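Colleague: next input, structure requested:
(chains A and B, ligands or ions: 1)
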Amino acid sequence: MTLTRPNPYIRPRSEAQGGPETGRRDVLRALAAGAGLALAPGVTLYAFGGPAEARPPGEPASAQVRWGLLIDVNKCADGCTKCVTACATENGWSDNGRPLTDAQWIRKVKVTDPRTKASKSVPMMCQHCAEPPCVDVCPTGASFKRADGIVLVDKHTCIGCRYCMMACPYNARSFIHEPVEDQKENVPRGKGVVESCTLCVHRVDAGRIPACVEACPAEDGGAMAFGDLNDPQSEISKRITKYASTRIRADLGTDPGVRYQNL
Amino acid sequence: MARIVYREIGGGAGFASLLGVLAAFIAAGLASAWYMDHYGHIVTGMTNRIVWGMPHVFAVFLIVTASGVLNIASLGSVFGRTPYKPMARLSGLLAIAFLVGGLTVLVLDLGRPDRLIVAMTEYNFKSIFAWNIILYIGFLAVVAAYLFVQMEQTMSRFAPAVGWFAFIWRLVLTTGTGSIFGWLVAREAYDAAVMAPLFIAMSLSFGLAAFLLILMAVYALTGRPLGDQLLNRLGRLLGIFAAAVLYFTALQHLTNLYAAEHGDVERFILLEGGIYTALFWVGQVVLGGLVPIALVYSPATARTRAGLAAASALVIAGGLAQLYVIIVGGQATPLVLFPGMEVQSSFQDGGIASYIPSLPEIGLGVGGVAFALAIAVVGMKVLRFLPDSLADDAVDPRYRPGSDGGEHLNPAGGVSP
Ligand code: SF4
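Modeller: Got it, this is the predicted structure:
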């Protein structure tokens, strides 16, 4: 089941100016228009900081797109946390020295083979599953998947029950244990609700790439690539068809939108 | 057999002081909830690894017990056991009281308890949790209807049908509660269909134990007669239910052991889990299972009220230990992100998560229990829930002095006059 609804991270412009009533009507109008509108096939790919088409405010996300990430673990240096820092700066969460209660939208996991002792450093975040268990279990529907595959939490309907955290196979979600300060304009946050990587939905909707991808410094164009998994011409799709890649806990059938290469 | 007369319990100093004590615990629970809500869950022992802690242990205990106490009513109305019929009203009252107590704890532990209305109006029908909310509300309505047809003379012809309906509803409800855990495929400790029957066995056992303790306490405090044979029969039933819990627990762990991928979780709970291993073997299996079974069957204690009270209290303590192991212990083991590999991270991936319950969490849980008991006590005061007498000759048409109550009553399943 795919839920299509306006992006709660971006207020329609009219709402920001003219109050909620106008905003709601705007969204409805946009939804009605969207129903009869053939979406331009060009809502496509870009990767590595290339330009992308911005989604007009209020227009629903397109189901023809499935945003995803490809992470080449061989290019990801042990000890490098640039993606983590970039994410925290962009989205306004921070390390307060209490790792188990602080929000961690993205973290580096060191994976070691117990026999060979060879290890890799793996960035872990919400895997933006096609079949997200968090969405299935959420009693209020606050956890939802946008038509373009981005899994989000609606901060207005989350009751903070944490069932989604019980269901997530990746420990990718954070419950906000303390009052939050210094929120970023595009990223509303609040004590008592659950949050996780949004794939920088506010940037993606504005035609930009996620902050972690932009910050990843490794040679050869970075360890992370972002793009449309549904578009065979996108760089990410081409790479996926060319090189073997894996999904974490593929056995659970969640079909993550984040893929790993050389894991 | 005499006609059963129901009467409210009296007021008086004893009643007032009991309510006073309960009110103090309720106030402490509310203060805890306010504290947690005001400062955030940072003041609890819960983390992003142990997301459900002590409040859930109490809440799930109360909810599971709620469906179990209704069993006494079902024994009378569904299984035609005449001597249990006079207790049906009390059974229904306690079911409502425990469920309301449990739900209150659950709601006050939410990150946003102020959004209760959202939980009641926005449903994701794919979520077993959402279904549980509907099952809980329905349970309250069905049991209230059951009480109504019992207490309203003109409606009594509907009692059997409503009784059946309530019985089926409670089975579905407990299945739903168990499935909250059983359907978490990513969590090795829970991912098992046996969770549903295990929870049903737990509800029968905890519910009967709670019922027995309250029944004995109320009848002693109000000086009303309570028959020995009736208690003996219920005691033996408690032994059977406690054994059923042990059986399904064994099944749960054996199935998990058989699946090699769950071996780590099993080794943790059964052998190396420290507090969880101790709570499992000592708390749940020995004190909460074997000892109560021995108490209700061994000749020395079988027919004593002290023995029965001890057995009931132990079943309840063992039940709390069991839920602690299931809920907290099940989260303590790490999720397996990369099977067969060692992992390390700033989130303690791959490591055992620690959890120390904080005072407010315990306060909230105990407050919920006090709230449930207060509802029960006030209910008994304002409405006619309690029979004047539960003496053996008053409740059992086939009562013979001197028999031990071991024979099957009413084998034909007949109804009482
Ligand atoms: S914590 Fe919020 S998003 Fe998660 S399941 Fe509960 S209501 Fe849904």
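Colleague: when you work out contacts or count neighbours from here on, use the C-alpha atoms and nothing else.
Modeller: Fine.
Colleague: centroid-wise, who is the farthest residue in chain A?
Modeller: Most distant from the centre of chain A: residue A:115, at 34.0 Å, with distances by C-alpha atoms, centre = their mean.
Colleague: any idea of the pLDDT on the most centrally placed residue in chain B?
Modeller: For chain B, the residue nearest the mean C-alpha position is residue B:65 (1.6 Å; C-alpha atoms, centre = their mean). pLDDT, residue B:65: 97.
Colleague: my guess is it meets residue B:97, correct?
Modeller: No: with contact defined as C-alpha atoms under 8 Å, residue B:65 does not reach residue B:97; the gap is 10.2 Å.
Colleague: first-to-last residue distance for stretch B:265-283?
Modeller: The first residue of stretch B:265-283 is 19 Å away from its last residue (C-alpha to C-alpha, to the nearest Å).
Colleague: average pLDDT across that stretch?
Modeller: Across stretch B:265-283, pLDDT averages out at 93.
Colleague: at contact distance from chain A, anything in it?
Modeller: No: Stretch B:265-283 does not reach chain A (C-alpha under 8 Å from any C-alpha of the partner chain); its nearest approach is 15.3 Å.
Colleague: next, the buried residues of that stretch.
Modeller: B:265-266, B:268-270, B:273, B:276-283 (16 or more other C-alpha atoms under 10 Å in any protein chain shown).
Colleague: let me have those in CSV, extended by distance to residue B:189 and secondary structure.
Modeller: Shown next, in CSV, are the buried residues of stretch B:265-283 (distance: C-alpha to C-alpha, whole Å; DSSP: H, G, I helix; E, B strand; the rest coil):
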residue, distance to residue B:189, secondary structure
B:265, 6, helix
B:266, 8, helix
B:268, 10, helix
B:269, 9, helix
B:270, 12, helix
B:273, 13, coil
B:276, 13, helix
B:277, 14, helix
B:278, 17, helix
B:279, 16, helix
B:280, 14, helix
B:281, 17, helix
B:282, 20, helix
B:283, 19, helix
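Colleague: low-confidence bits of the chain, can you list those?
Modeller: Just so you know, I chose chain A. Applying pLDDT under 70 to chain A flags residues A:1-54, A:56-58, A:218-221.
Colleague: the chain in question should be chain B.
Modeller: B:1-2, B:260, B:402-417.
Colleague: the same query, at a cut-off of 50, please.
Modeller: Across chain B, the ranges flagged by pLDDT under 50 are B:1, B:405-417.
Colleague: all strands of it, in order?
Modeller: For chain B, the strands defined by DSSP state E occupy B:6-7, B:342-345, B:386-387.
Colleague: ok, the residue most central in space within chain A to chain B distance?
Modeller: Centroid-nearest residue in chain A: residue A:199, 2.3 Å away (criterion: C-alpha atoms, centre = their mean). Distance, residue A:199 to chain B, using C-alpha to the nearest C-alpha, to the nearest Å: 20 Å.
Colleague: nearest residue to residue A:88 in space, please, no chain neighbours.
Modeller: residue A:94 (5.7 Å; C-alpha to C-alpha, 6 or more residues apart in numbering or on different chains).
Colleague: quick one, phi/psi of that neighbour?
Modeller: Per-residue torsions, residue A:94: phi -140, psi 160 (degrees, to the nearest 10).
Colleague: from the ligand, how far off is it?
Modeller: 20 Å (C-alpha to the nearest ligand atom, to the nearest Å).
Colleague: what sits against that residue?
Modeller: A:88, A:102-103 (C-alpha atoms under 8 Å, 6 or more residues apart in numbering or on different chains).
Colleague: now tabulate those in a markdown table and tack on distance to the ligand.
Modeller: Listed next are the contacts of residue A:94 as a markdown table, based on distance: C-alpha to the nearest ligand atom, whole Å:
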| residue | distance to the ligand |
| --- | --- |
| A:88 | 20 |
| A:102 | 16 |
| A:103 | 14 |
